[in-house]
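*Asks:* starting from these lines, generate the structure:
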Amino acid sequence: MRVVRISAEAAQELEEAAEWYEREIPGLGARLIDAFEHAIGLLRENLPPLTPLPREAAHRGAKRLLLHRFPFFVITIEQGDEFVVVALAHHARRLGCSVAAARMPSSPKICSSSSSSSSSPGPDSARGI
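*Replies:* Numbering: from 1, shown residues only. Sure, this is the predicted structure:
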């Protein structure tokens, strides 16, 4: 069983998204947290269902895991025998840009253009992610 560490940034993103969902429909925030915890359990398994991120982030080893029933990916980096969750990213986010550029050690600027903000309501729209 692998060790999974969750970055402060990822924990903050989970908290903000859960609060948003809870305001929309009572109980939905708790279901998001349950889906996240299930994803963490999958990361602890020998062969978690991860897919590489696009562009330069893939070359740096960043991978994503789809959350069940929510439009989010858990973004992770494998470091030795552990996974580090670096972000909870909404599907509308440009994953290779916002996550890898900001949170991967010694990463150069990855995006050729700035990430677009979502105009639809949701947990990331208030922050322009």
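*Asks:* leaving out sequence neighbours, find the closest residue to the most centrally placed residue in the chain.
*Replies:* For the chain, Leu88 is the residue whose C-alpha lies nearest the centre (Cα atoms, centre = their mean; 2.4 Å). Leaving aside its sequence neighbours, Leu88 sits nearest to Glu13 (Cβ to Cβ, 6 or more residues apart in numbering; 4.2 Å). For the C-beta atoms, the positions are set from N, CA and C on the backbone; glycine is no exception.
*Asks:* tell me the pLDDT at the one you found?
*Replies:* Note for Glu13: predicted pLDDT of 94.
*Asks:* quick check: which element contains the residue nearest to the centre of the chain?
*Replies:* strand 82-90 (DSSP states H and E).
*Asks:* and that strand, which residues are buried?
*Replies:* Residues of strand 82-90 classed as buried by neighbour count (16 or more other Cβ atoms under 10 Å): Phe83, Val84, Val85, Val86, Ala87, Leu88, Ala89, His90.
*Asks:* next: stretch 60-71.
*Replies:* Residues Arg60, Ala62, Lys63, Arg64, Leu65, Leu66, Leu67, Phe70 are the ones in stretch 60-71 that count as buried (16+ other Cβ under 10 Å).
*Asks:* what helix or strand is Arg31 on?
*Replies:* Arg31 is part of helix 28-44, with elements assigned from DSSP H and E.
*Asks:* got the contact list for that helix?
*Replies:* With contact meaning Cβ atoms under 8 Å, 6 or more residues apart in numbering, helix 28-44 is reached by 1-4, 6, 14, 17-23, 48-49, 65, 67-70, 72, 74, 76, 83, 85, 88.
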